[in-house]
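Asks: Pasting the sequence and the predicted coordinates here, then a few questions.
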Amino acid sequence: MPIALTIEIPDHIYEPLKQKATQTGQTPEQIASAWIETAAKRLTDDPLLKLAGVFESELSDISERHDEYIGAQESSSHVNMHSMPMASEFDKAEWKNFIKETYGSLADNPTERGDQGKFEIRDDFR
């Protein structure tokens, strides 16, 4: 059974909510509910949370920040993900500067595509 929840949100959050509602023919409340449901699913369906308690660590906040720690470890020889602003924080000048600073950062550790194996030949789409 749905539970009514009353919240106050700032204008900068309400405006995109209202725009999305107008575009989709839904109410802002329906869009907000869907957004909250998506966020809740990300929290409950996180496959890495299945590993909680399996490893010992000196870190006390690993269950909340596991994605950050994994990203920091992975990016230690790559781009520093913690320095990357969220997409909504970019303006064109910042974006160009970010590209200039990070361009070629994986040159010393290129991504390689492994053997793809053999695939069956299927009917031609023509």
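Replies: Noted; the coordinates are in hand. Every value quoted in this text rests on a predicted model; they were computed, and no experiment measured them.

Asks: Walk me through the domains of this structure.
Replies: Domain segmentation of the chain under automatic domain parsing yields 8-45, 47-77.

Asks: Run through the residues that contact residue 104.
Replies: Contact analysis of residue 104 by C-beta atoms under 8 Å, 6 or more residues apart in numbering lists nothing. Every residue, glycine included, has its C-beta placed from N, CA and C.

Asks: where's it, which helix or strand?
Replies: Counting by DSSP states H and E, no helix or strand carries residue 104.

Asks: sorry, back to before: residue 105 is nearest to which of the domains of the chain?
Replies: domain 47-77 (9.2 Å; C-beta to C-beta).

Asks: related to what we said a few turns ago, can you add distance to residue 1, mean neighbour count and mean pLDDT and give the domains of the chain back as TSV?
Replies: As requested, the domains of the chain are exported to TSV (distance: least, C-beta to C-beta, whole Å; neighbours: other C-beta atoms under 10 Å; pLDDT from 0 to 100):
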stretch	distance to residue 1	mean neighbour count	mean pLDDT
domain 8-45	14	12	88
domain 47-77	27	11	69
